[in-house]
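Asks: would you be able to build a 3D model of this:
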Amino acid sequence: MTTTRRTLLAGSVVAAAGAVLGAPAAQAHPRFSGNPKPTVVLVHGAFADASGWNDVAARLIGAGYPVFAPANPLRSVSADSAYLASILTTLSGPIVLAAHSYGGVVATNAATGNPAVKALVYVAAFAPDQGETLLGLQTKYPGSKLNETALDFRPYGEGLVDGYIKRQFFREVFAGDVPKAATELMWAGQRPADARTLGEPSGVPAWKTIPSWFLVARNDRVLPAAAQRFMARRAGAQVREANASHVAMISQPAAAADLIMRAAR
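Replies: The predicted structure is shown next:
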(Lines give C-alpha, C1' and ligand atoms only; values in the text may rest on other atoms or scores of the structure.)
Protein backbone atom coordinates (compact mmCIF):
# COMPACT_ATOMS: atom_id res chain seq x y z
CA MET A 1 0.00 0.00 0.00
CA THR A 2 1.42 3.43 -0.94
CA THR A 3 2.06 6.10 1.68
CA THR A 4 -0.54 8.38 0.06
CA ARG A 5 -3.24 5.71 0.11
CA ARG A 6 -2.36 4.72 3.69
CA THR A 7 -2.62 8.37 4.77
CA LEU A 8 -6.00 8.80 3.07
CA LEU A 9 -7.37 5.65 4.69
CA ALA A 10 -6.12 6.70 8.09
CA GLY A 11 -7.79 10.06 7.69
CA SER A 12 -11.05 8.38 6.72
CA VAL A 13 -10.96 6.20 9.81
CA VAL A 14 -10.38 9.20 12.07
CA ALA A 15 -13.23 11.12 10.45
CA ALA A 16 -15.58 8.15 10.77
CA ALA A 17 -14.65 7.68 14.40
CA GLY A 18 -15.41 11.33 15.08
CA ALA A 19 -18.85 10.97 13.51
CA VAL A 20 -19.65 7.89 15.61
CA LEU A 21 -18.56 9.58 18.82
CA GLY A 22 -20.78 12.55 18.00
CA ALA A 23 -18.15 15.17 18.89
CA PRO A 24 -16.18 15.95 15.73
CA ALA A 25 -13.33 18.39 16.23
CA ALA A 26 -14.68 20.77 13.58
CA GLN A 27 -17.90 21.17 15.54
CA ALA A 28 -16.56 21.12 19.08
CA HIS A 29 -13.64 23.44 18.38
CA PRO A 30 -14.06 25.45 15.14
CA ARG A 31 -10.64 26.23 13.69
CA PHE A 32 -10.81 29.95 12.89
CA SER A 33 -7.41 31.30 11.86
CA GLY A 34 -7.15 35.06 11.57
CA ASN A 35 -10.22 36.42 9.79
CA PRO A 36 -10.83 34.08 6.84
CA LYS A 37 -13.78 34.42 4.52
CA PRO A 38 -16.39 31.91 5.60
CA THR A 39 -17.16 28.85 3.55
CA VAL A 40 -20.54 29.22 1.89
CA VAL A 41 -22.55 26.00 1.86
CA LEU A 42 -25.40 26.05 -0.67
CA VAL A 43 -28.30 23.67 -0.02
CA HIS A 44 -30.78 22.87 -2.77
CA GLY A 45 -34.39 21.84 -2.30
CA ALA A 46 -36.80 19.34 -3.81
CA PHE A 47 -37.34 18.94 -7.58
CA ALA A 48 -33.82 20.32 -8.10
CA ASP A 49 -30.14 19.64 -7.62
CA ALA A 50 -27.07 21.67 -6.69
CA SER A 51 -26.67 23.02 -10.23
CA GLY A 52 -29.47 25.48 -9.51
CA TRP A 53 -26.91 27.39 -7.46
CA ASN A 54 -24.33 27.58 -10.28
CA ASP A 55 -24.71 31.27 -11.13
CA VAL A 56 -24.70 32.23 -7.46
CA ALA A 57 -21.68 30.02 -6.77
CA ALA A 58 -19.77 31.60 -9.68
CA ARG A 59 -20.29 35.05 -8.19
CA LEU A 60 -19.23 33.93 -4.72
CA ILE A 61 -16.14 32.14 -5.99
CA GLY A 62 -15.24 35.21 -8.03
CA ALA A 63 -15.46 37.25 -4.84
CA GLY A 64 -13.05 34.91 -3.09
CA TYR A 65 -15.42 32.77 -1.03
CA PRO A 66 -14.90 29.03 -0.65
CA VAL A 67 -18.11 27.38 -1.85
CA PHE A 68 -19.51 23.90 -1.32
CA ALA A 69 -22.87 22.73 -2.75
CA PRO A 70 -23.56 19.20 -1.52
CA ALA A 71 -26.32 16.91 -2.75
CA ASN A 72 -29.42 16.96 -0.57
CA PRO A 73 -30.71 13.35 -0.36
CA LEU A 74 -34.42 14.41 -0.25
CA ARG A 75 -35.39 11.31 1.73
CA SER A 76 -36.70 12.70 5.05
CA VAL A 77 -36.32 15.82 7.17
CA SER A 78 -34.45 13.97 9.91
CA ALA A 79 -32.17 11.97 7.62
CA ASP A 80 -31.39 14.88 5.29
CA SER A 81 -30.66 17.16 8.25
CA ALA A 82 -28.36 14.60 9.84
CA TYR A 83 -26.54 14.16 6.54
CA LEU A 84 -25.98 17.90 6.12
CA ALA A 85 -24.95 18.26 9.77
CA SER A 86 -22.29 15.59 9.24
CA ILE A 87 -20.97 17.48 6.21
CA LEU A 88 -20.75 20.74 8.15
CA THR A 89 -18.55 19.11 10.78
CA THR A 90 -15.92 18.36 8.13
CA LEU A 91 -15.45 22.05 7.28
CA SER A 92 -12.97 24.23 9.13
CA GLY A 93 -13.50 27.89 9.85
CA PRO A 94 -16.75 29.87 9.86
CA ILE A 95 -19.68 28.78 7.69
CA VAL A 96 -22.53 30.62 6.02
CA LEU A 97 -25.36 28.23 5.27
CA ALA A 98 -27.62 29.30 2.38
CA ALA A 99 -30.67 27.27 1.45
CA HIS A 100 -33.46 27.22 -1.10
CA SER A 101 -37.00 25.88 -0.65
CA TYR A 102 -37.05 22.53 1.22
CA GLY A 103 -33.33 23.01 1.76
CA GLY A 104 -34.32 25.63 4.33
CA VAL A 105 -35.90 22.98 6.55
CA VAL A 106 -32.74 20.90 6.29
CA ALA A 107 -30.46 23.85 7.07
CA THR A 108 -32.68 24.96 9.96
CA ASN A 109 -32.18 21.59 11.63
CA ALA A 110 -28.62 20.81 10.54
CA ALA A 111 -27.11 24.04 11.89
CA THR A 112 -28.60 23.73 15.37
CA GLY A 113 -25.82 23.42 17.92
CA ASN A 114 -22.99 23.97 15.43
CA PRO A 115 -20.93 26.98 16.59
CA ALA A 116 -19.15 27.22 13.24
CA VAL A 117 -22.30 28.39 11.44
CA LYS A 118 -22.26 32.18 11.67
CA ALA A 119 -25.23 32.97 9.43
CA LEU A 120 -28.27 31.42 7.77
CA VAL A 121 -29.55 32.66 4.42
CA TYR A 122 -33.00 31.61 3.23
CA VAL A 123 -33.72 32.05 -0.48
CA ALA A 124 -37.46 31.49 -1.01
CA ALA A 125 -36.98 28.83 1.64
CA PHE A 126 -38.82 27.22 4.51
CA ALA A 127 -37.70 28.35 7.98
CA PRO A 128 -39.89 26.24 10.30
CA ASP A 129 -40.25 26.40 14.03
CA GLN A 130 -40.14 23.24 16.09
CA GLY A 131 -43.03 20.92 15.27
CA GLU A 132 -44.02 22.69 12.05
CA THR A 133 -44.28 20.89 8.71
CA LEU A 134 -43.66 21.78 5.09
CA LEU A 135 -47.30 21.31 4.19
CA GLY A 136 -48.48 23.44 7.08
CA LEU A 137 -46.26 26.36 6.11
CA GLN A 138 -46.90 26.02 2.38
CA THR A 139 -50.67 26.24 2.90
CA LYS A 140 -50.66 28.76 5.75
CA TYR A 141 -51.36 31.55 3.24
CA PRO A 142 -53.12 31.35 -0.14
CA GLY A 143 -51.21 31.35 -3.40
CA SER A 144 -49.36 28.04 -3.71
CA LYS A 145 -49.95 26.15 -6.95
CA LEU A 146 -48.01 23.09 -5.81
CA ASN A 147 -50.82 20.67 -5.03
CA GLU A 148 -51.74 17.07 -5.80
CA THR A 149 -52.95 18.05 -9.27
CA ALA A 150 -49.48 19.36 -10.15
CA LEU A 151 -47.64 16.30 -8.85
CA ASP A 152 -46.87 12.81 -10.06
CA PHE A 153 -46.42 10.24 -7.28
CA ARG A 154 -44.23 7.25 -8.08
CA PRO A 155 -43.76 4.34 -5.67
CA TYR A 156 -40.34 3.04 -4.72
CA GLY A 157 -39.22 0.52 -2.15
CA GLU A 158 -41.77 -0.92 0.27
CA GLY A 159 -44.69 1.47 0.65
CA LEU A 160 -42.62 4.58 -0.15
CA VAL A 161 -43.59 7.30 -2.63
CA ASP A 162 -41.66 10.02 -4.45
CA GLY A 163 -43.22 13.23 -5.70
CA TYR A 164 -42.36 14.91 -9.03
CA ILE A 165 -43.82 18.05 -10.58
CA LYS A 166 -45.71 17.19 -13.77
CA ARG A 167 -44.26 18.55 -16.98
CA GLN A 168 -47.31 20.65 -17.89
CA PHE A 169 -47.16 22.44 -14.52
CA PHE A 170 -43.41 22.69 -13.98
CA ARG A 171 -42.66 26.10 -15.46
CA GLU A 172 -45.85 27.79 -14.22
CA VAL A 173 -45.49 26.50 -10.67
CA PHE A 174 -41.74 26.27 -10.15
CA ALA A 175 -39.85 28.59 -12.46
CA GLY A 176 -42.13 31.03 -14.28
CA ASP A 177 -39.40 33.61 -14.94
CA VAL A 178 -36.86 31.14 -16.37
CA PRO A 179 -36.70 30.58 -20.15
CA LYS A 180 -38.84 27.68 -21.36
CA ALA A 181 -35.89 25.80 -22.85
CA ALA A 182 -34.14 25.88 -19.49
CA THR A 183 -37.22 24.74 -17.58
CA GLU A 184 -37.61 21.78 -19.93
CA LEU A 185 -34.15 20.63 -18.87
CA MET A 186 -34.91 21.35 -15.23
CA TRP A 187 -38.06 19.25 -15.43
CA ALA A 188 -36.27 16.36 -17.14
CA GLY A 189 -33.55 16.27 -14.50
CA GLN A 190 -35.60 17.06 -11.41
CA ARG A 191 -34.83 15.09 -8.27
CA PRO A 192 -37.96 13.99 -6.40
CA ALA A 193 -38.60 14.22 -2.68
CA ASP A 194 -40.02 11.44 -0.58
CA ALA A 195 -43.65 12.38 0.06
CA ARG A 196 -43.14 11.84 3.80
CA THR A 197 -41.13 15.06 4.00
CA LEU A 198 -44.37 17.04 3.62
CA GLY A 199 -45.72 16.01 6.99
CA GLU A 200 -42.59 15.36 9.04
CA PRO A 201 -42.28 17.79 11.99
CA SER A 202 -39.17 19.96 12.10
CA GLY A 203 -36.84 20.04 15.09
CA VAL A 204 -35.26 22.80 17.17
CA PRO A 205 -34.59 25.70 14.76
CA ALA A 206 -31.12 27.12 14.33
CA TRP A 207 -32.53 30.58 13.50
CA LYS A 208 -33.35 31.07 17.18
CA THR A 209 -29.63 31.35 17.96
CA ILE A 210 -27.98 32.14 14.59
CA PRO A 211 -28.49 35.43 12.68
CA SER A 212 -30.51 35.02 9.51
CA TRP A 213 -31.12 36.73 6.18
CA PHE A 214 -34.10 36.12 3.88
CA LEU A 215 -34.63 36.71 0.17
CA VAL A 216 -38.39 36.81 -0.41
CA ALA A 217 -39.54 35.82 -3.91
CA ARG A 218 -42.59 37.99 -4.55
CA ASN A 219 -43.96 35.85 -7.42
CA ASP A 220 -43.44 32.46 -5.75
CA ARG A 221 -46.13 29.90 -6.64
CA VAL A 222 -44.70 27.14 -4.45
CA LEU A 223 -44.18 28.96 -1.14
CA PRO A 224 -46.30 32.13 -1.08
CA ALA A 225 -44.45 35.39 -0.40
CA ALA A 226 -46.75 35.99 2.59
CA ALA A 227 -45.48 32.76 4.19
CA GLN A 228 -41.88 33.76 3.50
CA ARG A 229 -42.42 37.17 5.11
CA PHE A 230 -44.05 35.51 8.12
CA MET A 231 -41.11 33.17 8.65
CA ALA A 232 -38.54 35.93 8.07
CA ARG A 233 -40.25 38.26 10.54
CA ARG A 234 -40.51 35.53 13.17
CA ALA A 235 -36.82 34.67 12.81
CA GLY A 236 -35.80 38.34 13.05
CA ALA A 237 -34.14 38.00 9.66
CA GLN A 238 -32.75 40.82 7.56
CA VAL A 239 -35.03 40.80 4.52
CA ARG A 240 -34.62 41.59 0.85
CA GLU A 241 -37.31 41.05 -1.78
CA ALA A 242 -37.06 40.24 -5.48
CA ASN A 243 -39.58 40.02 -8.31
CA ALA A 244 -38.81 36.36 -8.78
CA SER A 245 -40.41 32.95 -9.05
CA HIS A 246 -39.66 30.17 -6.58
CA VAL A 247 -36.20 29.66 -8.10
CA ALA A 248 -34.95 33.12 -7.19
CA MET A 249 -31.34 31.93 -7.09
CA ILE A 250 -31.63 31.03 -10.80
CA SER A 251 -33.61 33.99 -12.10
CA GLN A 252 -32.04 36.56 -9.73
CA PRO A 253 -28.56 35.19 -8.96
CA ALA A 254 -27.05 38.62 -8.33
CA ALA A 255 -29.63 39.38 -5.64
CA ALA A 256 -29.10 35.99 -4.00
CA ALA A 257 -25.31 36.25 -4.11
CA ASP A 258 -25.37 39.80 -2.75
CA LEU A 259 -27.50 38.77 0.22
CA ILE A 260 -25.21 35.83 0.98
CA MET A 261 -22.15 38.10 0.88
CA ARG A 262 -23.89 40.54 3.24
CA ALA A 263 -24.49 37.70 5.65
CA ALA A 264 -20.86 36.60 5.31
CA ARG A 265 -19.38 39.95 6.39
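Asks: mean confidence for stretch 149-159?
Replies: The average pLDDT for stretch 149-159 rounds to 95.
Asks: sort out which residues of that stretch are buried, please.
Replies: For stretch 149-159, burial by neighbour count (16 or more other Cβ atoms under 10 Å) applies to 150-151. Just so you know, the C-beta spots here come from the backbone N, C-alpha and C atoms, and that holds for glycine as well.
Asks: mind checking the end-to-end distance for that stretch?
Replies: Stretch 149-159 stretches 21 Å from its first residue to its last (Cα to Cα, to the nearest Å).
Asks: show residues contacting it.
Replies: Contact with stretch 149-159 is made by 161-166, 169, 173, 192, 195, as judged by Cβ atoms under 8 Å, 6 or more residues apart in numbering.
Asks: from the chain's centroid, how far away is that stretch?
Replies: Distance, stretch centre to chain centre, for stretch 149-159: 23 Å (Cα atoms, centre = their mean, to the nearest Å).
Asks: nearest to Ala69 among the contacts of stretch 149-159?
Replies: Nearest to Ala69 among these: Pro192, at 19.0 Å, using Cβ to Cβ.
Asks: can I assume that closest one is in contact with Tyr164?
Replies: Yes - counting by Cβ atoms under 8 Å, Pro192 does reach Tyr164; the two are 4.8 Å apart.
Asks: in the stretch 1-150 of the chain, which ranges drop under the pLDDT threshold?
Replies: Scanning the stretch 1-150 of the chain for pLDDT under 70 picks out 1-35.
Asks: can you give me the strands in it?
Replies: 39-43, 67-68, 95-101, 117-125 (DSSP state E, counting those that start in this stretch).
Asks: now those in JSON lines, please, with extra columns for distance to Ala264 and mean neighbour count.
Replies: What follows is those, written out as JSON lines (distance: least, Cβ to Cβ, whole Å; neighbours: other Cβ atoms under 10 Å):
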{"stretch": "strand 39-43", "distance to Ala264": "7", "mean neighbour count": "25"}
{"stretch": "strand 67-68", "distance to Ala264": "11", "mean neighbour count": "18"}
{"stretch": "strand 95-101", "distance to Ala264": "5", "mean neighbour count": "29"}
{"stretch": "strand 117-125", "distance to Ala264": "7", "mean neighbour count": "28"}
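Asks: mind putting these in TSV, distance to Ser251 included?
Replies: Formatted as TSV, the strands of the stretch 1-150 of the chain follow (distance: least, Cβ to Cβ, whole Å):
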stretch	distance to Ser251
strand 39-43	16
strand 67-68	20
strand 95-101	12
strand 117-125	10
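Asks: among those, which is nearest Ala226?
Replies: Closest to Ala226 of the strands of the stretch 1-150 of the chain is strand 117-125 (Cβ to Cβ; 12.6 Å).
Asks: which other helices and strands contact the closest one?
Replies: strand 95-101, helix 103-110, strand 212-217, helix 225-235, helix 248-251, helix 253-264 (3 or more Cβ pairs under 8 Å, 6 or more residues apart in numbering; DSSP states H and E).
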